[in-house]
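[1] I would like the atomic coordinates for the input below:
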Amino acid sequence: MAQPTHEWHQPERGWREQDLPDLPENGNRYEIIDGSLHVTPPAGYAHHELADEIRLALRAGMPQGWRVIREAGVRVPGGNLIPDLTVLKPNAPADGMWAEPGDVALVVEVESPSSRRHDRFTKPALYAEAGIPAYWRVERGDFGPVVYRYELAKGDHYQLLGTVGPDDPVQVTEPWPTTLDPSAWPR
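    Presented below is the predicted three-dimensional model:
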């Protein structure tokens, strides 16, 4: 049986947040960068399992009032992005679809072949411009996951704090003291 199609058209002006609800709910991730619509296909099981393991690791040491949310939208200058994980500060609204950057302590992107360039170049620049204090990019390598940890430097770009690989558990301090053990995570 043929799947019903959803017909939509590019707005005459650039894409805006209010255009997103009109897009089909088909598993794709729709993000806006400087008025352009970026569509990312659904991630595979391994991607989601790895994001879930990182979320569990963060939640293990999470102070009261903080939240770690999967695929929550974040407003950034010139657009809207959807990181794999978003750590919301205690003062963030209890519910919503798009977090304000001031309510975000950390964003985490798990690389996929279809998102690699955005996760390495475009998104960190926008998250830094928005003033989000910390950014983690997670690569799935042959020997296991590697977490690249970045902190905001001079308010406009990220500097590398270090990496956490699948060798030994490592204690990190952002967004709170917690232990990361990529050797226990799926490849």
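[2] which residues does Ile69 contact?
    For Ile69, the contacting residues are 85-88, by C-beta atoms under 8 Å, 6 or more residues apart in numbering. Every residue, glycine included, has its C-beta placed from N, CA and C.
[3] Centroid-nearest residue for the chain?
    Pro83 (1.9 Å; C-alpha atoms, centre = their mean).
[4] out of the contacts of Ile69, which are inside helices?
    Among the contacts of Ile69, no member falls in helices (criterion: DSSP state H).
[5] Now do the helix ranked longest in the chain: which elements does it pack against?
    For the chain, the helix with the greatest residue count under DSSP H is helix 45-60. Applying 3 or more C-beta pairs under 8 Å, 6 or more residues apart in numbering; DSSP states H and E, one finds that helix 45-60 contacts strand 67-70, strand 85-88, strand 104-110, strand 134-141, strand 178-180.
[6] buried ones in the top strand by length along the chain?
    Longest strand of the chain, by residue count under DSSP state E: strand 144-153. Within strand 144-153, the residues that count as buried by 16 or more other C-beta atoms under 10 Å are 144-150, 152.
[7] next one: stretch 108-124
    108-112, 115, 118-119, 122-124.
[8] Now the buried residues of strand 144-153 in a markdown table, please, with extra columns for distance to Pro41 and pLDDT.
    Below are these laid out as a markdown table (distance: C-beta to C-beta, whole Å; pLDDT from 0 to 100):
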| residue | distance to Pro41 | pLDDT |
| --- | --- | --- |
| Gly144 | 24 | 92 |
| Pro145 | 21 | 96 |
| Val146 | 23 | 95 |
| Val147 | 24 | 97 |
| Tyr148 | 23 | 96 |
| Arg149 | 27 | 97 |
| Tyr150 | 26 | 97 |
| Leu152 | 30 | 97 |
